[in-house]
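Asks: What follows is a predicted structure for the sequence shown.
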Amino acid sequence: MYLHFGQNEIVPDHRIIGIFDLDNASYSKHTRKFLQDAEENGSVISVSDELPKAFILTQEYGIDHVYLTQFSAATLEKRFSSDGEKAV
């Protein structure tokens, strides 16, 4: 299965490490530091011109990517789930 999370970004579900609500996750200084480091390393990819509501952490070909998306974590979780299965 694939997850579409903005513009032309589609990632196979087995590459998704986590889907995080940006408001809740950014309370932690560790998460803010992680996002800052990812930005400095060029690992952050914004898939929308709108204010991001969530980020998706993936690992593709041994490289971590952080996708910022305008969709909420709940919306992405619903897209990720199929037939009532539990989402990551």
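Replies: Good, I have the coordinates.

Asks: Now the residue nearest the centre of the chain: closest residue in space that isn't a chain neighbour?
Replies: Centrality entry for the chain: nearest residue to the mean C-alpha point is I56, 1.0 Å, by CA atoms, centre = their mean. Nearest-residue entry for I56: Y67, 4.5 Å, with adjacent residues in sequence omitted and distances by CB to CB, 6 or more residues apart in numbering. The C-beta positions use only the backbone N, C-alpha and C, and glycine is treated the same way.

Asks: wait, isn't the one you found in contact with P52?
Replies: No: counting by CB atoms under 8 Å, P52 is not a contact partner of Y67; they are 9.1 Å apart.

Asks: tell me, what's touching the two both at once?
Replies: S46 (CB atoms under 8 Å, 6 or more residues apart in numbering).

Asks: Poorly predicted segments of this protein, please.
Replies: 82-88 (pLDDT under 70).

Asks: And the strands in it, which stretches?
Replies: 2-4, 10-12, 16-21, 44-46, 54-60, 63-69 (DSSP state E).

Asks: mind listing what's buried in the second one?
Replies: The one in question is strand 10-12. V11 (16 or more other CB atoms under 10 Å).

Asks: give the contact list for the residue nearest to Y2 when sequence neighbours are not counted.
Replies: Leaving aside its chain neighbours, Y2 sits nearest to I10 (4.9 Å; criterion: CB to CB, 6+ apart). Contacts for I10 (CB under 8 Å, 6+ apart) come out as Y2, L3, H4.

Asks: distance of I10 from I63?
Replies: According to CB to CB, to the nearest Å, I10 stands 17 Å off from I63.

Asks: Please apply the same query to I16.
Replies: I16 is 14 Å from I63, by CB to CB.

Asks: who's more crowded, those two?
Replies: I16 (22 against 9; other CB atoms under 10 Å).

Asks: separation between I19 and V47?
Replies: I19 is 13 Å from V47, by CB to CB.
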